[in-house]
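**Student:** My questions are about this predicted structure, shown below with the sequence.
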Amino acid sequence: MFPAYKHEAFTDFTVEENRKAMEEALKQVKATFGKHYNLLVGSEQITTEEKIVSINPSNKEEVIGSVSKANQEIAEKAIETAYQAFQTWQYTDPVERANILVRAAAIVRRRKYEFSATLVAEAGKPWKEADADIAEGIDFMEYYARQMIELKQGKNVQSRPGEHNRYFYIPTGVAVTIPPWNFAFAIMVGTTVAPLVTGNTVLLKPASTTPVVAAKFVEVLQKAGIPEGVINFIPGSGAEVGDYLVDHPKTSLITFTGSRDVGTRLYSRAAKVQQNQNHLKRVIVEMGGKDTVIVDKDADIDIAVDAIVTSAFGFSGQKCSAGSRAVIHDDVYDEVLDKVVKRTNELTVGEPTTKDIYMGPVIDQAAYDKITDYIEIGKQEGRLVAGGEGDDSKGYFIKPTIIADVDVEARIMQEEIFGPVVAFAKAKDFDHALEIANNSEYGLTGAVITNNRAHINKATMEFHVGNLYFNRNCTGAIVGYQPFGGFKMSGTDSKAGGPDYLALHMQAKTVSESF
Ligand code: NAD
């Protein structure tokens, strides 16, 4: 029915035509700055007095747009609407549901530059990162659409003479989608369309720093033919609306990606059975990381340097997969550190108005303050060898920062900073490096740079992370190629973009007929 799944190609901005298209899109998006986006409940567009205002993190004076802000009354109405829509959507042919995703993917692909430009403005993403974020969102739609078609028949079970058995999947009900701002398109799209294509109806509460790109995506879903009430757009405060949705007896699936603190809180709230609730809630929570790049003594040093710099500073370290710890074998520590410092000092930081800016701003004042506080802590805990400064006069810019000779128990080795800061620690041998890498409450991603086959085998078994990479960076998982999710306090390991993901949004039904 559809061609086989293949991931969306990245845009090459060194090609003149592509560069110009992006410049044009940036201009077009700028012309829409300040626009207001309504809530969507069923087919009703709702404008509220209170608004969430989205600003450009590169230039705090610049308002990207605003969205109306839901309160509990609107949330209640949205839940009821989604609940009613579920009564028919759950029986819609999965192929029809999949087709909506494929059409939405086609619309976004046609408007790819515009969506990338929106992320440059709203999330401060450098061009390459914005383009990859949009490509990943397209991938989620294309991948889950195909997977749903495969799953629609259910799975084989045995039948006997006089007895016919079937095993197939049905949806759970009303899903609450709470995505983070850092993959403001990709994760928002993935965690919205997975419940939709599996037959659930969705209440989407976007991250408050990046609601505009989410509002635009909801419009795309409408254009692609999503029936009314199946997707509801209700931006709002976590404390007021978030908790209300999570606690409500009529919601049945919570899909959250974000910080450990909020995730664990939602996990326990969703476990509580409320009055008039007649089901247990499914909960997917994907949380933080403290990810390590290990460099063995027998390693290609250029690959190691590249892996550390890319993992630590891509999108200013604001990825759950960011390599914020570099653990280096004693024999090559000085060489690797020197080369990483040199490369880091060459990175360009600024407003991502051209393809040549490697690092843009961090997302907001709170992030800026938190990261610069950690840099001060780092200066006490180790030796500052690169960066160490920020400037928040116009936007939230922080230089890529390296703290060397850090103790493995130091705070900057243990806590998620979520900014452009990497801590270097020495390991006396490979076993010691693995021990340091595993010494974290998180278990999301990791990379090992080594040419030693025995060490590759050992790390494969013992490096306890959901996504492990050899001889490359620890960021940049691709949908359908590297299913993504972490162990320990990194979350429920749902493996987004993988073969088991959709099943988490459904329940299996066994039907046995005797005749
Ligand atoms: P966050 O926890 O602050 O917010 C995540 C979402 O939760 C946002 O939409 C926010 O509005 C909402 N929220 C906050 N309080 C809420 C409440 N009480 N009820 C309901 N919703 C509430 O996280 P963030 O700053 O947006 O994202 C960064 C974090 O996300 C980092 O820790 C990062 O590692 C993690 N992350 C993890 C993955 C993964 O796949 N494991 C991917 C991306 C980001």
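**Tutor:** It's in. Computed from a predicted model, the values in this text were never measured in an experiment. Numbering: from 1, shown residues only.

**Student:** Kindly confirm whether my reading is correct that Thr344 touches Ala386.
**Tutor:** Yes - between Thr344 and Ala386 there is a contact under CB atoms under 8 Å: 4.6 Å. Bear in mind the C-beta positions are built from the backbone N, C-alpha and C, glycine included.

**Student:** residues shared between the contacts of those two?
**Tutor:** Counting by CB atoms under 8 Å, 6 or more residues apart in numbering, the common neighbours of Thr344 and Ala386 are Pro400, Ile402.

**Student:** ok, the two, which is more surrounded?
**Tutor:** Thr344 (22 against 19; other CB atoms under 10 Å).

**Student:** residue contacts, the residue lying closest to Pro195 once chain neighbours are set aside?
**Tutor:** The spatial neighbour of Pro195 that comes closest, neighbours along the chain excluded (CB to CB, 6 or more residues apart in numbering), is Ala175 at 3.8 Å. Applying CB under 8 Å, 6+ apart to Ala175 gives the contacts Pro195, Asn200, Thr201, Val202, Leu203, Thr251, Ser252, Leu253, Ile254, Thr255, His505.

**Student:** possible to save those residues as CSV with secondary structure, neighbour count and pLDDT?
**Tutor:** Formatted as CSV, the contacts of Ala175 follow (DSSP: H, G, I helix; E, B strand; the rest coil; neighbours: other CB atoms under 10 Å; pLDDT from 0 to 100):
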residue, secondary structure, neighbour count, pLDDT
Pro195, helix, 32, 99
Asn200, coil, 27, 99
Thr201, strand, 28, 99
Val202, strand, 29, 99
Leu203, strand, 26, 98
Thr251, strand, 24, 98
Ser252, strand, 24, 98
Leu253, strand, 25, 98
Ile254, strand, 22, 98
Thr255, strand, 27, 98
His505, helix, 25, 98
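
**Student:** May I see these organised as CSV, with distance to Val349 added?
**Tutor:** Below are these laid out as CSV (distance: CB to CB, whole Å):
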residue, distance to Val349
Pro195, 38
Asn200, 42
Thr201, 43
Val202, 37
Leu203, 38
Thr251, 42
Ser252, 44
Leu253, 40
Ile254, 37
Thr255, 34
His505, 40
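
**Student:** For the ligand, state which of these is nearest.
**Tutor:** Using CB to the nearest ligand atom, Ile254 comes nearest to the ligand of these, at 8.8 Å.

**Student:** My guess is that closest one contacts Ala271. True?
**Tutor:** No - in this structure, Ile254 is not within contact of Ala271 by CB under 8 Å, at 10.2 Å.

**Student:** Quick one: name the residues of the stretch 301-450 of the chain near the ligand.
**Tutor:** Cys320, Glu416, Phe418, Leu444 (CB under 6 Å from any ligand atom).

**Student:** mind checking how far the first one is from His7?
**Tutor:** Read it as Cys320. 20 Å (CB to CB, to the nearest Å).

**Student:** Between the two, tell me which one has more neighbours.
**Tutor:** Neighbour count, other CB under 10 Å: between Cys320 and His7, Cys320 has more, with 28 against 16.

**Student:** Skip the chain neighbours and tell me the closest residue to that one.
**Tutor:** Cys320 sits nearest to Gly289 (CB to CB, 6+ apart), 4.5 Å away.

**Student:** Quick check on that neighbour: phi, psi?
**Tutor:** Gly289 has phi and psi values of phi -150, psi 160 when expressed as degrees, to the nearest 10.

**Student:** Give me the pLDDT value at it.
**Tutor:** Note for Gly289: predicted pLDDT of 98.

**Student:** sorry, back to before: beta partners for the residue nearest to Pro195?
**Tutor:** Val202, Leu253 (DSSP bridges).

**Student:** residues touching Lys35, list them.
**Tutor:** Gly65, Ser66, Val212.

**Student:** I should have written Ala270 there, sorry.
**Tutor:** Contacts of Ala270 by CB under 8 Å, 6+ apart are Val246, Asp247, Ile254, Lys281, Val283.

**Student:** what about the first one, neighbour count?
**Tutor:** Which is Val246. For Val246, the count of nearby residues is 23 (other CB under 10 Å).

**Student:** contacting residues for it?
**Tutor:** Shown in contact with Val246 (CB under 8 Å, 6+ apart): Val176, Ile254, Leu266, Arg269, Ala270.
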